[in-house]
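> Model the following, please.
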Amino acid sequence: MRRSAPTLTDVARLAGVSEITVSRVVRNKGSIAETTRVRVQEAIVKLGYVPNRAAGALASAGAPLIGVLLPSLSNIVFPEVLRGIHTALASTGYQPLIGVTDYDPVKEQELLSSLLAWQPAAIITTGFEHTDATRRMLADSRVRVAELMDIDAEPIDIAVGLSQRRAGFDAGRHLIGRGYRRFGYVGHDWNADHRARLRYEGVRAALAEADLGLTAEERFDGPSSTMAGRKTLAALLSWEPDLDVVVFSNDDMAVGGFFHCLGANISVGRELGLFGFNGLDIGQVLPLPLSTIRSHRFDIGRIAVEKLLESSRRPEEKLIVDTGYEIIAGATA
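You can find the predicted model right below:
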């Protein structure tokens with residue numbers, strides 16, 4: 001049985017204060033002792049309570065809402081997902097409310113609380129890495145929920161995406177089949193991008209199956225970028241130059257690695273193979289098209305909306321939609 005959503009009364013009872021006090025804290029109105037405010041806020045987080053602002057101006061305007069939480073809009077992957085979402089919503093009358101989490105689970109929690117306060121018809125979020133409070137709010141709410149990009153865990157309602165671990169495994173197996181034996185890895189911050197770590201684990205599993213391993217690896221302590229890829233490959237090759245191929249956490253990093261090779265007079269594809277992930281256009285317009293895996297990002301956003309709007313009620317059986325991926329042979333590996 002699904003629990004009913006916590007109420008203002010529940011918060012007041014747990015915090016040991018009146019309902020009026022809870023209301024003042026939620027609305028940030030009136031004089032409240034700091035210790036009381038903290039106690040109420042802790043109760044709100046513990047219960048996953050979401051205030052109902054649906055009677056406000058936005059709801060009265062008659063626009064049904066879909067909440068969308070994405071980790072980034074500077075990474076081209078997620079604008080493509082958003083384009084799929086917009087395309088699917090175009091003829092429905094629903095309007096998206098968009099929040100950007102910057103890969104921060106606590107920020108996702110705060111944004112989700114704000115979105116749920118408007119009583120949206122559905123919430124679209126990214127991945128399965130939520131705080132406990134976020135998971136409670138999503139699980140206890142009556143709205144439909146779609147978690148995108150990954151299908152390697154059990155969703156709250158619907159998951160739409162691909163197996164990141166399997167994609168990494170297939171990349172490793174593809175490169176082994178191409179004759180590579182001395183593998184390097186260049187990545188970025190795993191704390192921010194859990195899906196990159198899943199792909200890394202998949203590559204390692206494929207190598208282990210062939211009695212191989214990573215000869216060397218280097219990770220950039222920050223988000224992915226072409227500059228990070230260039231610098232990190234340079235650092236890796238400075239202490240381990242004898243590699244056959246380098247697998248990158250994504251195409252941004254791999255494109256940066258390609259530019260390092262150009263500057264260092266390393267013949268890509270002959271002296272050193274490079275392999276990315278995502279299948280971005282920028283990788284395919286390099287002098288040598290990037291060898292990579294293409295994910296179907298537009299379809300992920302579109303299918304998520306279509307599945308969410310099939311029913312306003314969350315079904316008992318959870319749904320996983322595998323949008324798959326394809327290996328692009330390219331010319332760099």
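
> Keeping just the C-alphas, turn stretch 163-173 into CSV.
Once side chains and other backbone atoms are set aside, the C-alpha atoms of stretch 163-173 remain, and they are given as CSV (Å, rounded to 0.1, in the frame of the first residue of the first chain):
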residue,chain,number,x,y,z
SER,A,163,21.9,0.4,-19.4
GLN,A,164,25.0,2.6,-18.8
ARG,A,165,26.9,-0.4,-17.5
ARG,A,166,26.0,-2.5,-20.5
ALA,A,167,27.1,0.3,-22.8
GLY,A,168,30.5,0.4,-21.2
PHE,A,169,30.7,-3.4,-21.4
ASP,A,170,29.9,-3.4,-25.1
ALA,A,171,32.4,-0.6,-25.8
GLY,A,172,35.1,-2.6,-24.1
ARG,A,173,34.2,-5.8,-26.0
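
> what about that stretch, distance to the chain center?
Averaging C-alpha positions (Cα atoms, centre = their mean, to the nearest Å) puts stretch 163-173 17 Å from its chain's average.

> low-scoring pLDDT stretches of this protein, where are they?
1-4, 29, 52-63 (pLDDT under 70).

> And the residue nearest the centre of it?
Nearest to the centroid of the C-alpha atoms of the chain, with distances taken as Cα atoms, centre = their mean, sits Thr126, at 4.0 Å.

> how about the helices of the protein, start to end?
Taking DSSP state H as the test, the helices found in the chain are 8-15, 19-27, 34-47, 57-60, 77-89, 105-116, 132-140, 164-177, 194-209, 226-239, 251-263, 281-284, 297-308.

> Could I get the ones you listed in a markdown table, plus columns for mean neighbour count?
In this view, the C-beta of every residue, glycine as well, is placed from N, C-alpha and C. A markdown table is the format used below for these (neighbours: other Cβ atoms under 10 Å):
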| stretch | mean neighbour count |
| --- | --- |
| helix 8-15 | 18 |
| helix 19-27 | 17 |
| helix 34-47 | 16 |
| helix 57-60 | 12 |
| helix 77-89 | 20 |
| helix 105-116 | 19 |
| helix 132-140 | 19 |
| helix 164-177 | 21 |
| helix 194-209 | 20 |
| helix 226-239 | 20 |
| helix 251-263 | 24 |
| helix 281-284 | 16 |
| helix 297-308 | 22 |
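
> Can you check which of those helices gets nearest to Val68?
With Cβ to Cβ, the closest approach to Val68 among the helices of the chain belongs to helix 77-89: 6.2 Å.

> now the angle between helix 251-263 and the closest one, please.
For helix 77-89 against helix 251-263, the angle between stretch directions is 140 degrees (axes from the mean of the first three to the mean of the last three Cα atoms, to 10 degrees).

> Give the other helices and strands that helix 77-89 contacts.
Contact analysis of helix 77-89 by 3 or more Cβ pairs under 8 Å, 6 or more residues apart in numbering; DSSP states H and E lists strand 65-70, strand 95-100, helix 297-308 as its packing neighbours.

> I'd like those as a markdown table, with distance to Gly257 appended.
Below are those laid out as a markdown table (distance: least, Cβ to Cβ, whole Å):
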| stretch | distance to Gly257 |
| --- | --- |
| strand 65-70 | 26 |
| strand 95-100 | 27 |
| helix 297-308 | 22 |
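
> Of the ones you listed, which is nearest Ala33?
strand 95-100 (31.0 Å).

> can you list contacts of the closest one?
Contacts of strand 95-100 with the rest of the structure, by Cβ atoms under 8 Å, 6 or more residues apart in numbering, involve 63-73, 82, 85-86, 89, 108, 111-112, 114-115, 118, 120.

> Stretch 18-37 now?
Residues from elsewhere that reach stretch 18-37, judged by Cβ under 8 Å, 6+ apart: 8-9, 11-12, 15, 17, 40-41, 44, 51.
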